[in-house]
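K.L.:
fold the following and give me the result.
(chains A and B)
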2 protein chains.
Amino acid sequence: MLTLKANAVVGQSGGPTAAINATLAGVIKGCLDSEKIETVYGMKNGVEGLMKEDLINLNHYFEKNPSQLDLLALTPAAALGSCRKKIKTDEEIEEIYKVLVKNNIGYFFYIGGNDSMDTIDKLSDYARRNEGTDLPDIKFIGIPKTIDNDLDITDHTPGYGSAAKFVATTMQEICRDCAVYTKKAVTIVEIMGRDAGWLTASSVLAKFLAGAGPDLVYLPEKVFDEESFIKDVNKKLQNPDKPYVVVAISEGIKFADGSYVGEKKTGSYDDPFGHTMLAGAGKVLEALVNEKIGCKCRSVELNVLQRCASHVASKCDIEESRRIGESGVKHAVKGETGKMMCFRRLKNSDVYRVEIYPEDVRNIANKVKGIPDNFLSSDSQGVNDRCIDYMLPLIKGENDVIYEDGLPVHFEF
Amino acid sequence: MLTLKANAVVGQSGGPTAAINATLAGVIKGCLDSEKIETVYGMKNGVEGLMKEDLINLNHYFEKNPSQLDLLALTPAAALGSCRKKIKTDEEIEEIYKVLVKNNIGYFFYIGGNDSMDTIDKLSDYARRNEGTDLPDIKFIGIPKTIDNDLDITDHTPGYGSAAKFVATTMQEICRDCAVYTKKAVTIVEIMGRDAGWLTASSVLAKFLAGAGPDLVYLPEKVFDEESFIKDVNKKLQNPDKPYVVVAISEGIKFADGSYVGEKKTGSYDDPFGHTMLAGAGKVLEALVNEKIGCKCRSVELNVLQRCASHVASKCDIEESRRIGESGVKHAVKGETGKMMCFRRLKNSDVYRVEIYPEDVRNIANKVKGIPDNFLSSDSQGVNDRCIDYMLPLIKGENDVIYEDGLPVHFEF
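P.N.:
The predicted structure follows:
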């Protein structure tokens, strides 16, 4: 049923990043360049919009203005909108197929994290189960994105480098800010990463480059112990030449019993209306320092800023994110399906280089990759030189952000 | 007692900013260039260090390496360290004089906010009261800095433009981040400024330039009313094309009775150890939305990031901050004392231009300048075009930040 020239559709899903639009730009470029693709459509708000046939013709926006792709690539968040939908039943898949067939879609690209790879898995599995029927031949390709860097198999994920660059840049600035007074003080910086400490680990990068960074680092890969925490902080506070202590913590640090520090029952509080609100790991530790040490203490949550700060995105990340999007299209038109595009770091190369290849999505979906043991250190920095060497190339380079009247210009549909 | 060539001393005081080191660079340059100044010393941690004769010879660092001044100018926080000391007695002044005389200081420069201008006021007042005695002739000059932009008389303060650029940049990125989902949601962004709304007002700049910005803005210049707030938010949430609402609030918004929203008694909570902690205005309003509307709501505190984000500092601000420092030296050697350096915006000029002049510090110290009535609007944006026209030139231009291995390089003594 698939004609020689088919259409393509691309969607974005899950939490936004500073690089997910760069991957979208790559997919669009790949589609515009391909002789096998007629028109590329964008799903508004991922498969949720697709099921309502809420599609926009992307050729219309970019065919005559390819320079707009450069602007799109440096726009944060998800320009097509996102969703958090997980496909659960064959009925939902059939609904999706109906829209795809109606629009003569031969290629389906989905940019996202773990849930999005699960969608690719489910759709391609359905296609496999219905081989030999009159179900049209559609290629399903997933392209990763997550600031958490916690997808399996791929060397790293698009979006991580930019978030890591923001965290390292900001952490250095916060450390300078903390250094101005002579009084004992503790600053706790809470960084995203519920199950993996990759982003929190990046907070030490400036320090390894002879700049400034946190004195103590707590990752979800290690059990968090209140007593050792207070002992560690107290020890650092004793330094007469450096009376301030900066602590980097992952939002996902856990106690020995597996419960999150940020959900510590006594750390919750009743809001003005009697609802219990979660204080978050930073606030819980701020209270702990107040109680056990009593010096000035404040907590800073980097919050959504770390995933949308495109003004300081990594050039390496943005370029790779575009490349992996383009590469996904090339592999789809070659016939690949049910794959997630991955980075492989070339060994035996003096300089950092990656190749991009497709990997069976079933090997990736629904798994979480934390920092491996051989990257962890037993000192206060949390990670060792091997981890630093792994992270450093990913934050390199600055983009030519387009400023007008002092502010970055973004792409908007 | 003052020889033809005297020494100078410079200190930094109060909260750090992204531009206070640019002003320090300007003062150092002015001193190195002046024929009347032998050596310029830096006070470690302001007058607190000065009283302990904790001085560093700045000629030593910069005389042979003037390019280091460029690096210093783009380093956030206060490179010399800061303090929060307010001079209270003549005994303290005499202690300071002792150190100044011992080090043959003829020129005293103090970079800071309101408290620092009070120090300049007290020291020059003491000199005036002792005229005719053998007290050596020392010139006392204050150079403003505060991200809050709340000093009187001067058109604006060094440091404000950079903080405003960070706020406007980040607010646009947060708005993009919020726009990706189709569910009703409220995001409250809490911005610094306890007594004046200048920084919160800057959050609308990208929107005025056809970019993205907050839907609702609450400034400390206007009384905060819970009921109208909920009504405003509810109205915005009714827009089917834009189900998310972004609210910018100043940390200093107050109820009609003059109490701070962030200190609302029921908004405080007991930490795990039974201490009462202040929730902050953002958390109080988050709880209010949860109670009265019930849709998804989160609050984001920009926190110290807005005062130390030198990687996205305003070029206009950094250049002006250097100029006002240099100008302070020129006026001191010409004989001015007891003055704060001010900006005056030139009227009848097509392009934005300022001149720098000294103003009697007694007219400035211990006063707060909020947004004037003729800059406020009655609509949801809080401020009018006049205010936008005032703010826009201050955030203009990007600096040539020096990056090494993907991260900004900072100056360190």
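K.L.:
apart from its neighbours in sequence, what residue is nearest A:C178?
P.N.:
Spatial nearest neighbour of A:C178, chain neighbours left out: A:Y244 (4.7 Å); criterion: C-beta to C-beta, 6 or more residues apart in numbering or on different chains. Every residue, glycine included, has its C-beta placed from N, CA and C.
K.L.:
scratch that, A:P243 is what I was asking about
P.N.:
Nearest one to A:P243, counting by C-beta to C-beta, 6+ apart, is A:K184 at 4.7 Å.
K.L.:
list the residues that contact that neighbour.
P.N.:
A:L237, A:P243, A:Y244, A:C295, A:K296 (C-beta atoms under 8 Å, 6 or more residues apart in numbering or on different chains).
K.L.:
just the pLDDT for it.
P.N.:
Note on A:K184: pLDDT of 95.
K.L.:
ok, now the one 4 residues further on?
P.N.:
For A:I188, the model assigns a pLDDT of 98.
K.L.:
mind listing what's buried along whatever helix or strand A:G106 lives in?
P.N.:
If you go by DSSP states H and E, A:G106 is part of strand A:105-112. Buried residues in strand A:105-112, counted by 16 or more other C-beta atoms under 10 Å in any protein chain shown: A:I105, A:G106, A:Y107, A:F108, A:F109, A:Y110, A:I111, A:G112.
K.L.:
biggest separation within the residues you listed, which pair?
P.N.:
Greatest spacing in the buried residues of strand A:105-112, by C-beta to C-beta: A:G106 and A:G112 (20.6 Å).
K.L.:
ends of stretch A:136-148, how far apart?
P.N.:
End-to-end distance for stretch A:136-148, by C-alpha to C-alpha, to the nearest Å: 35 Å.
K.L.:
so does it get close to chain B?
P.N.:
No - between stretch A:136-148 and chain B, judged by C-beta under 8 Å from any C-beta of the partner chain, nothing touches; the nearest distance is 11.5 Å.
K.L.:
let me see the contact set for A:N303.
P.N.:
A:N303 neighbours (C-beta under 8 Å, 6+ apart): B:V300, B:E301.
K.L.:
do you know the pLDDT at it?
P.N.:
Value for A:N303, per-residue pLDDT: 94.
K.L.:
confirm that it sits in a helix.
P.N.:
No - under DSSP: H, G, I helix; E, B strand; the rest coil, A:N303 falls outside any helix and is assigned coil.
K.L.:
please tell me how far it sits from B:A18.
P.N.:
Separation of A:N303 from B:A18 (C-beta to C-beta, to the nearest Å): 20 Å.
K.L.:
and what of A:D389?
P.N.:
31 Å.
K.L.:
which of the two has more residues huddled nearby?
P.N.:
Neighbour tally, A:D389 and B:A18, criterion other C-beta atoms under 10 Å in any protein chain shown: the higher count belongs to B:A18, 35 against 12.
K.L.:
that one: which element?
P.N.:
Going by DSSP H and E, B:A18 is not in any helix or strand.
K.L.:
list the contacts for A:T17?
P.N.:
A:P76, A:A77, A:K145, A:T146, A:I147, A:P158, A:G159, A:S162, A:A163, A:R307, A:C308.
K.L.:
same thing but 7 Å
P.N.:
When contacts are counted by C-beta atoms under 7 Å, 6 or more residues apart in numbering or on different chains, A:T17 touches A:K145, A:T146, A:I147, A:G159, A:S162, A:A163, A:R307.
K.L.:
picking up where we left off before, strand A:105-112 and the helix or strand just after the strand holding A:G106, what's the angle between them?
P.N.:
Later in the chain than strand A:105-112, the nearest helix or strand by DSSP H and E is helix A:114-129. Interaxial angle, helix A:114-129 versus strand A:105-112 (axes from the mean of the first three to the mean of the last three C-alpha atoms, to 10 degrees): 150 degrees.
K.L.:
buried sites along helix A:114-129?
P.N.:
A:114-124, A:126-127.
K.L.:
dump those residues into CSV; add distance to B:I93 and pLDDT as well.
P.N.:
Supplementary listing: the buried residues of helix A:114-129 in CSV, determined by distance: C-beta to C-beta, whole Å; pLDDT from 0 to 100:
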residue, distance to B:I93, pLDDT
A:N114, 65, 88
A:D115, 66, 90
A:S116, 67, 94
A:M117, 69, 94
A:D118, 71, 95
A:T119, 72, 96
A:I120, 73, 97
A:D121, 75, 97
A:K122, 76, 97
A:L123, 78, 98
A:S124, 79, 97
A:Y126, 82, 97
A:A127, 84, 97
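K.L.:
relative to B:I56, which of these is nearest.
P.N.:
A:N114 (52.8 Å).
K.L.:
contacting residues around the closest one?
P.N.:
A:N114 neighbours (C-beta under 7 Å, 6+ apart): A:L151, A:A365, A:N366.
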